[in-house]
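Visitor: Predicted coordinates and the sequence they were generated for:
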Amino acid sequence: METIGFYAGSFDPFTNGHLQIVTKAAKCFNKIIIGIAYNSEKEVRLDKEKMKEAIEKTIKELEIKNVEVTLYSGLTSHEATKYGANILVRGLRNGTDYQYEENIAENNEKIFGLDTCYFRAGDLGYLSSSLVMELWKNNVDISPYVPKYVAKILKK
Ligand code: ADP
């Protein structure tokens, strides 16, 4: 059976922490789909199409061949199923992430029969999209924390 993982998130922006999770997951699954979510309750800060392109360029440059990027709205499980994904991929930074993710993972398993696979953030566990946005808004150089192509779209 082909193993297809669906890695969903706001990726607003996509950070080196997210990239590390994609790299790890791509080694474990036949294919990984990165799903950039349009979440109506969350304020959208950056252009999603541009973010998709920046992620695609990053993946290409790293010569990771089994990763695709898509934009979606609605339920993650519905989108994952559309792509034939049999597992959801998430990253864990700490106990707070675990508590939060466990609840979602349990719902996805109970309601949609989709299991979740967690990967550890390790030394990039301090990174979050909101931290990067906060630094960016205050004119701190964010290039150490995001892939080069993401830094480019964040240029002021
Ligand atoms: P969401 O809006 O769904 O929380 P995010 O884009 O913030 O989306 O994160 C998507 C996933 O990536 C989540 O599983 C989150 O825990 C994980 N993640 C975020 N930052 C990191 C990081 N620095 N290292 C590892 N995983 C991370």
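Guide: In hand now; what should we look at?
Visitor: so Tyr149 sits right up against Ala54, yeah?
Guide: Yes - in this structure, Tyr149 is within contact of Ala54 by Cβ atoms under 8 Å, at 4.0 Å. All C-beta spots, glycine's among them, are computed from the backbone N, C-alpha and C.
Visitor: now the strands for the chain?
Guide: Under the criterion DSSP state E, the chain contains strands at 4-9, 31-38, 67-73, 87-92, 115-120.
Visitor: what packs against the fourth one?
Guide: This means strand 87-92. Strand 87-92 is packed against strand 4-9, helix 16-28, helix 76-82, helix 95-112, strand 115-120, with contacts defined by 3 or more Cβ pairs under 8 Å, 6 or more residues apart in numbering; DSSP states H and E.
Visitor: For the last one, list every residue counted as buried.
Guide: This means strand 115-120. By neighbour count with 16 or more other Cβ atoms under 10 Å, strand 115-120 contains the buried residues 116-119.
Visitor: Widest-spaced pair of these?
Guide: Spatial extent of those (Cβ to Cβ) is set by the pair Thr116 and Phe119 at 10.6 Å.
Visitor: returning to that earlier point: and the strands of the chain, which is most packed in?
Guide: The highest average neighbour count among the strands of the chain, using mean count of other Cβ atoms under 10 Å, belongs to strand 4-9 at a mean of 24.
Visitor: Parallel or antiparallel, list what pairs with it.
Guide: In the sheet, strand 4-9 lines up against strand 31-38 (parallel), strand 87-92 (parallel) (DSSP bridges).
Visitor: Can I get these in CSV including mean pLDDT?
Guide: Listed next are the strands paired with strand 4-9 as CSV, based on pLDDT from 0 to 100:
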stretch, mean pLDDT
strand 31-38, 96
strand 87-92, 98
